[in-house]
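Q: Next one to model:
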Amino acid sequence: MSKARVFLYLLFCFMGGVAIASFLSVPKNILYGLFSAGSGIFVYGIGKEIGFAKRILSVWIFAGLVLLSIGIGIYRFQDNVSHKNESGIHVYISPGKKSIVGTIIDEPEVREKNTRFLLRAEIIESEEIKNSTNVTGNILIFANRYGDYTYGDSIRITGELQQPESFDDFDYPAYLARNDIYTLMYYPDIERTGESAKKGIEENIKRYLFLAKKELEHNIERMLPEPHAAFMKGLLLGSRASMPEWLLDGFRSVGVIHIIALSGFNITIISSALTRFIRLFFIRSSVTFWVSLVCIAFFTIMVGASASIVRAALMGVIVLLARMEGRRYKAPNALIFTGALMIFHNPAILRFDIAFQLSFMATVGLMYVSPTLEAYANRVPSLYGMRDILLSTFAAQITVLPLIMYYFGTVSLISPIANILILIAVPLTMALGFLGALTGFISTIASMAVGSISYIFLEYQIRVVKVLSAVPFADIHMGTIPFAIVIVLYGILWCGIYKPWIKVISKR
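A: Purely as a prediction, here's the structure:
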């Protein structure tokens, strides 16, 4: 077994350890025993394999590394959730209003009925507490829609702290816990403290990027009417705040909601166009790589750095790095490495972040299922990339279907047709939208001229969604399935992809 494959398997073991700890509480004695056994077996293997770094790893060394990787995964998850301490803001959840001073640490999200933002708590005051007390932890704030809140503001909020609760079989506390949120506050009184908190380089970069995003959104709003402007903001920036509910429901029912959620598809289009554009100015591949890397990083931060965006951005960076170094890019290795890196940074996303799970499995489908289906798609015309879109859509749908049935209990029957009709227009629509938004910094009239062309493509896609979402049984609500069935379905899918297993079983 090559060292690259060993490393890949160890990443799987690490993620397996995180998965175990996310479902089961592993006692420290068992964890210490796992580390001791892994270390002992590893040392024993080294004793038997002198110069092992130059040879194929022995079974003993590999077994020791497997146990250590699983132990590291368990420890990383349990260490991540053990941050609950006596100074956490969640400790002060009780009836009665409290005043909290803190800093807005993310871009406020304006929705149809309210504005939501994340506050890093710093000081708490209440009648129960005689003196102000320093605290830690994040609070998710639901505020009035038209408040003027921006990233980095130091504010004082007064209201009642609440604990998130599950609703409609949705584990809302676990969903928020992936971002270290254990406390909510609805519609508090808000006032700026008047303090200009000292900002570091990272905070200033994020502030300017969020301001740039706002300006791009304003340019899009000036060049397009609604709901086309909202649709374009979703395509380019992942903003869905002003998109009408009927249009969002239409996207969901026909299975194309991913195009307005800045999925890997959108990021791939943006990164590819960006790289080609930068090559016009820089001949050296190393310069192109670093400029592209910085641009991708800034764009990822600007649009919110959700799990699917970070995954797509990291894989894009790995592609750029492989090209610069002249090495072969192995997408499966890059996907597993990217997933393990994200899970190490935030172990909670493996179980509690649905977007990460769907994005990860959709990419698996593109890598493994799509080539398997290609042999059956010879008769599909390749005009305008229809065959590739159809294969990608079916592959992604197959691999995410068990998760969708587990979480939502819904199956979209019309999704392949909708994806073919809509995705062929997405790249050109995004290119025109981005060009028009940038032109808006120079001339509003020129921006509107470009926007009038993009309007045609946006109108086409909206009409497709309207027509297909009105088709009877466009989506079927089957009810959620148990997690055990999800495991069985993925086991069957894996056996279908990994054909050597089928041959072994057939011989028996």
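Q: that's a helix at K206, yeah?
A: Yes - with DSSP: H, G, I helix; E, B strand; the rest coil as the criterion, K206 is part of a helix.
Q: Show me how the chain divides into domains.
A: 3-81, 89-192, 208-497 (automatic domain parsing).
Q: can you redo these as JSON lines with mean neighbour count, distance to I201 and mean pLDDT?
A: The way it works is simple: take the backbone N, C-alpha and C, and place the C-beta from them, glycine included. Shown next, in JSON lines, are the domains of the chain (neighbours: other C-beta atoms under 10 Å; distance: least, C-beta to C-beta, whole Å; pLDDT from 0 to 100):
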{"stretch": "domain 3-81", "mean neighbour count": "16", "distance to I201": "26", "mean pLDDT": "81"}
{"stretch": "domain 89-192", "mean neighbour count": "16", "distance to I201": "13", "mean pLDDT": "82"}
{"stretch": "domain 208-497", "mean neighbour count": "18", "distance to I201": "11", "mean pLDDT": "78"}
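Q: how about the helices in the stretch 101-250 of the chain?
A: Using DSSP state H, counting those that start in this stretch, the helices found in the stretch 101-250 of the chain span residues 172-177, 201-223, 228-237, 245-253.
Q: Run the chain-centre distance for the third one.
A: Shown here is helix 228-237, whose average C-alpha point lies 18 Å from the average C-alpha point of the whole chain (C-alpha atoms, centre = their mean, to the nearest Å).
Q: now what about it, what contacts it?
A: Helix 228-237 is contacted from outside by 213, 216-217, 220-221, 223-224, 239-244, 247, 259-262, 266, 302-303, 426, 429-430, 433-434, 437, 454-455, 458-459, 461-462, using C-beta atoms under 8 Å, 6 or more residues apart in numbering.
Q: now swap in the shortest one and tell me
A: Outside of helix 172-177, the residues that reach it under the criterion C-beta under 8 Å, 6+ apart are 81, 140, 163-166, 182, 348, 351-352, 354.
Q: Just the closest of the residues you listed to E191, please.
A: L140 (19.0 Å; C-beta to C-beta).
Q: who touches that closest one in this structure?
A: If you count contacts by C-beta under 8 Å, 6+ apart, then L140 has 116-119, 164, 176, 181, 183-185 around it.
Q: any chance of the helices of the stretch 101-250 of the chain in TSV, plus distance to V488?
A: As requested, the helices of the stretch 101-250 of the chain are exported to TSV (distance: least, C-beta to C-beta, whole Å):
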stretch	distance to V488
helix 172-177	23
helix 201-223	43
helix 228-237	35
helix 245-253	27
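Q: Of all these, which one is nearest D153?
A: helix 201-223 (10.0 Å).
Q: How far does the closest one sit from its chain's centre?
A: Remark: helix 201-223 is offset 20 Å from the chain centroid, using C-alpha atoms, centre = their mean.
Q: what angle separates that helix from helix 228-237?
A: What separates the directions of helix 201-223 and helix 228-237 is an angle of 150 degrees, with axes from the mean of the first three to the mean of the last three C-alpha atoms, to 10 degrees.
Q: how much space between N419 and D388?
A: 11 Å (C-beta to C-beta, to the nearest Å).
Q: Next step: the contacts of helix 172-177 restricted to strands.
A: 140, 182 (DSSP state E).
Q: Can you tell me which of the contacts of helix 172-177 is closest to I93?
A: After measuring the contacts of helix 172-177 against I93 - C-beta to C-beta - the closest member comes out as Q163, at 5.3 Å.
Q: so what's that closest one up against?
A: 90, 93, 173, 182-184.
Q: phi, psi of V59?
A: phi -60, psi -40 (degrees, to the nearest 10).
Q: got a list of what it touches?
A: Counting by C-beta under 8 Å, 6+ apart, V59 has contacts G45.
Q: before we move on, the earlier item: can you pick out the most distant pair from the contacts of Q163?
A: Using C-beta to C-beta, the contacts of Q163 span at most 12.2 Å, a distance reached by I93 and P173.
Q: what element comes up after the lengthiest helix in the chain heading to the C-terminus?
A: With secondary structure taken from DSSP state H, the chain has its longest helix at helix 444-469. For helix 444-469, the following helix or strand on the C-terminal side (DSSP states H and E) is strand 475-477.
Q: Please name every helix or strand in contact with that next one.
A: In terms of contacts (3 or more C-beta pairs under 8 Å, 6 or more residues apart in numbering; DSSP states H and E), strand 475-477 is packed against strand 410-412.
Q: Just checking: what are the partner strands of the strand it packs on?
A: strand 475-477 (antiparallel) (DSSP bridges).
Q: of all the contacts of helix 172-177, which comes closest to A19?
A: R351 (7.0 Å).
Q: Quick check: that closest one touching S22?
A: Yes - R351 is within contact range of S22, at 4.0 Å (criterion: C-beta atoms under 8 Å).
Q: picking that back up, would you point out the most distant pair within the contacts of helix 172-177?
A: It's Q163 and I354 that sit farthest apart of the contacts of helix 172-177, by C-beta to C-beta, at 21.3 Å.
Q: who's in contact with I157?
A: 99-100, 102, 119, 139, 141, 185, 188-190.
Q: now Y187
A: Here Y187 is in contact with 114, 142-144, 159 (C-beta under 8 Å, 6+ apart).
Q: go on, S99?
A: 124-126, 156-158.
Q: now L373
A: 391, 394-395.
Q: and of these, the nearest to L358?
A: A395 (13.6 Å).
Q: Wait, the closest one touches V369, no?
A: Yes - because the distance of 3.9 Å satisfies C-beta under 8 Å, A395 is recorded as touching V369.
Q: Excluding chain neighbours, what is closest to A340?
A: L11 (4.3 Å; C-beta to C-beta, 6 or more residues apart in numbering).
Q: Check which helices and strands the helix or strand containing that neighbour is in contact with.
A: Secondary-structure assignment from DSSP H and E places L11 in helix 3-23. With contacts taken as 3+ C-beta pairs under 8 Å, 6+ apart, helix 3-23 sits against helix 59-81, helix 331-345, helix 349-352.
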